[in-house]
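K.L.:
Sharing a sequence plus its predicted fold:
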Amino acid sequence: MTPAPTGRLVPTDSGRDLVLVRTLPVPSTDVWAAFTRPEVTGRWFATWSGEPGPGSTVRATLTGEEGAEADIHVTACDPPRHLAVSSEDGEAAWDLEVWLEDDDGGTRLTFVQHLDAETDIGSIGPGWEYYLDRLGAVLQETPEPAFEDYYPADREYYERL
């Protein structure tokens, strides 16, 4: 089964934002831990080491992309509601934000990637759909999705945005 893509593009003064929203039936403290504690983050996105906090840089190894590593700079951190990070991988700059809100006993997660006009949204969008659904599976202890269900299936949806 191919999951339905949910992302949207929002125009900004400096380009556009990719915005994805998930409502998770777990407390915001659990979702916050999934972004800020390496033992939890490693279960769905990346293991990392270093001293976290605003202005610091941690070294991450992505768990869904064999051998991919990145230095991730923490640009803002307001526990347990907002986290902003940035990174560069030689090909692209990654400027990401996560916003958490309590939502009827669960958590509304808003994920934002700030993009420039040249960014290939056709490959980025499906990747974040996969990772956010993988996060939901880890937090809810359900089977993890397969990347092949997102890419290339969702590529056309994102290219049309």
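P.N.:
Everything's here; your move.
K.L.:
Can you show me the helices along the chain?
P.N.:
28-36, 38-41, 121-140, 155-160 (DSSP state H).
K.L.:
remind me which residues of this structure are low pLDDT?
P.N.:
Along the chain, the parts satisfying pLDDT under 70 run over 1.
K.L.:
From the chain's centre, how far out is stretch 49-62? Work that out for me.
P.N.:
Taking Cα atoms, centre = their mean, to the nearest Å, the mean C-alpha location of stretch 49-62 is offset from the chain mean by 16 Å.
K.L.:
Can you tell me, leaving aside adjacent residues, what's nearest to residue 55?
P.N.:
Spatial nearest neighbour of residue 55, excluding adjacent residues (Cβ to Cβ, 6 or more residues apart in numbering): residue 74 at 6.8 Å. To be clear about C-beta, it is placed using only N, CA and C from the backbone, and glycine gets the same treatment.
K.L.:
What segments of this protein are strands?
P.N.:
Assigned by DSSP state E, the chain shows strands spanning 8-12, 15-24, 46-49, 57-62, 69-78, 82-88, 93-103, 106-115.
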